[in-house]
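Undergrad: Fold the following, please.
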Amino acid sequence: PGMAGLGRVARLVVNADDFGYASERDHGIIESVISGLVSSASILANGDTALAAIEMWQKAFKQRKCPPSLGLHINFTEGRPISEPRMVPTLLATTSRDVQRFRGKYGFVEALLNGEINLEEIETETRAQMKWFRDHLGTFPAHVDGHNHAHVLPGVCEVVGRICKEHRVRWIRLPIEDLKEKKSFCGRIMRHAKESKQVFSRLGLRTSDLFFGIGLMGENMTLKRLEGVFRACQDTLKQQNKDIVAELMVHPGYPSLTGDAFSRSCARMYELQLLTNRELLKTRIKFFDQVILQPFC
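TA: So this is what the prediction gives:
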């Protein structure tokens with residue numbers, strides 16, 4: 001029994017969300033890959049700086065023998081659609097101030113659960129964002145996750161999952177984490193994520209064995225809690241006679257001058273500083289020799 005997990009490895013993907021949101025965030029994400037623990041990122045097709053972010057990414061990592069992975073951060077909640085607005089009217093806000101923009105994370109969830117969202121428009125927008133990714137990166141993404149985790153919501157998960165399967169996307173995020181707060185927005189998202197697990201599995205999409213990040217955002221990310229991620233990976237290896245894959249979602253960057261309060265927050269720089277404090281991290285994680293950092297592949 002004491003030999004369980006010996007020789008097995010936990011492959012930990014540290015994924016930075018919101019690439020392409022703002023130049024300050026983009027520079028921080030690139031820095032966190034070059035100098036820190038981040039091994040993957042996901043890009044917003046409709047982000048204000050998405051095209052510049054791709055150029056920056058390719059310049060930084062194109063020559064790497066084992067480059068970090070870049071996936072699609074599919075988005076139905078913030079900014080403008082990639083589709084023509086007339087093609088996705090139920091996804092858009094109804095106030096004159098926000099015309100032709102998405103409803104926001106709370107507005108989208110409320111409208112979806114009230115039956116106001118046309119799922120055919122979810123398909124239209126998902127296909128448009130997938131096409132945008134292929135057009136600008138030459139291939140469909142190897143992994144997909146969702147802005148505000150909207151991809152796991154009822155009905156949406158089926159549409160997004162089916163299109164991912166069609167385009168041979170190998171990985172999709174399953175944001176299930178052990179959190180105390182069950183009644184919050186994130187708690188509700190995790191309940192939907194548990195329901196979406198069967199959908200993704202039926203479609204043959206791979207999901208990580210472990211997920212971390214919702215409870216580690218901003219100042220909730222500490223060295224002790226990061227160490228806990230590595231410990232949980234290694235402990236799971238001892239319980240299972242197979243290699244495992246874990247995902248840690250992070251949001252490093254410099255506070256942006258545009259966008260929402262989350263993006264403008266100094267918490268983004270706090271995450272960046274922690275994730276790139278490699279010498280300090282090495283002293284804490286060097287004992288977890290069965291945990292390997294890697295991109296999605």
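Undergrad: Show me which positions of the lowest-mean-pLDDT helix or strand in the chain end up buried.
TA: Taking mean pLDDT, DSSP states H and E as the measure, the helix or strand of the chain with the lowest value is helix 278-285, at a mean of 75. For helix 278-285, the neighbour count (16 or more other Cβ atoms under 10 Å) marks 281, 285 as buried. Quick note: C-beta positions are derived from backbone N, CA and C, even for glycine.
Undergrad: Following element in sequence after it, please.
TA: strand 291-293 (DSSP states H and E).
Undergrad: Buried residues of that next one, list them for me.
TA: 291, 293.
Undergrad: In its sheet, which strands sit next to that strand, and in what direction?
TA: strand 10-19 (parallel) (DSSP bridges).
Undergrad: from the middle of its chain, how far away would the strand it pairs with be?
TA: 7 Å (Cα atoms, centre = their mean, to the nearest Å).
Undergrad: That strand vs helix 278-285, what angle?
TA: Counting by axes from the mean of the first three to the mean of the last three Cα atoms, to 10 degrees, strand 10-19 lies at 140 degrees to helix 278-285.
Undergrad: now the strands for the stretch 1-150 of the chain?
TA: 10-19, 40-43, 69-74, 143-146 (DSSP state E, counting those that start in this stretch).
Undergrad: quick one, which of those is nearest to residue 121?
TA: Residue 121 lies closest, by Cβ to Cβ, to one member of the strands of the stretch 1-150 of the chain: strand 69-74, at 13.7 Å.
Undergrad: which helices and strands sit right next to the least confident helix or strand of the chain?
TA: helix 223-239 (3 or more Cβ pairs under 8 Å, 6 or more residues apart in numbering; DSSP states H and E).
Undergrad: please redo it, this time with the cut-off set to 10 Å
TA: In terms of contacts (3 or more Cβ pairs under 10 Å, 6 or more residues apart in numbering; DSSP states H and E), helix 278-285 is packed against helix 223-239, helix 267-275.
Undergrad: quick revisit: deepest of the strands of the stretch 1-150 of the chain, which one?
TA: Comparing the strands of the stretch 1-150 of the chain by mean neighbour count (mean count of other Cβ atoms under 10 Å), strand 40-43 ranks first with a mean of 28.
Undergrad: could I have it exported to PDB, CA atoms only?
TA: Provided in PDB are the C-alpha atoms of strand 40-43 (Å, rounded to 0.1, in the frame of the first residue of the first chain):
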ATOM      1  CA  SER A  40      -0.700  27.600 -20.700                       C
ATOM      2  CA  ALA A  41      -3.100  30.400 -21.500                       C
ATOM      3  CA  SER A  42      -6.500  30.900 -23.000                       C
ATOM      4  CA  ILE A  43      -7.400  33.800 -25.300                       C
END
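Undergrad: so how far is that strand from its chain's centroid?
TA: Offset of strand 40-43 from its chain centre (Cα atoms, centre = their mean): 7 Å.
Undergrad: which stretches of the chain aren't confidently modelled?
TA: Counting by pLDDT under 70, the ranges of the chain that qualify are 1-6, 96-98, 181-183.
Undergrad: how does it look with 50?
TA: 1-5 (pLDDT under 50).
Undergrad: All the helices of it, residue numbers only.
TA: 23-35, 50-61, 105-113, 119-137, 156-166, 185-202, 223-239, 261-264, 267-275, 278-285 (DSSP state H).
Undergrad: by contact count, what packs against the third one?
TA: This means helix 105-113. When contacts are defined as 3+ Cβ pairs under 10 Å, 6+ apart, helix 105-113 sits against helix 156-166, helix 185-202.
Undergrad: hey, which of those is tucked in deepest?
TA: helix 156-166 (a mean of 21).
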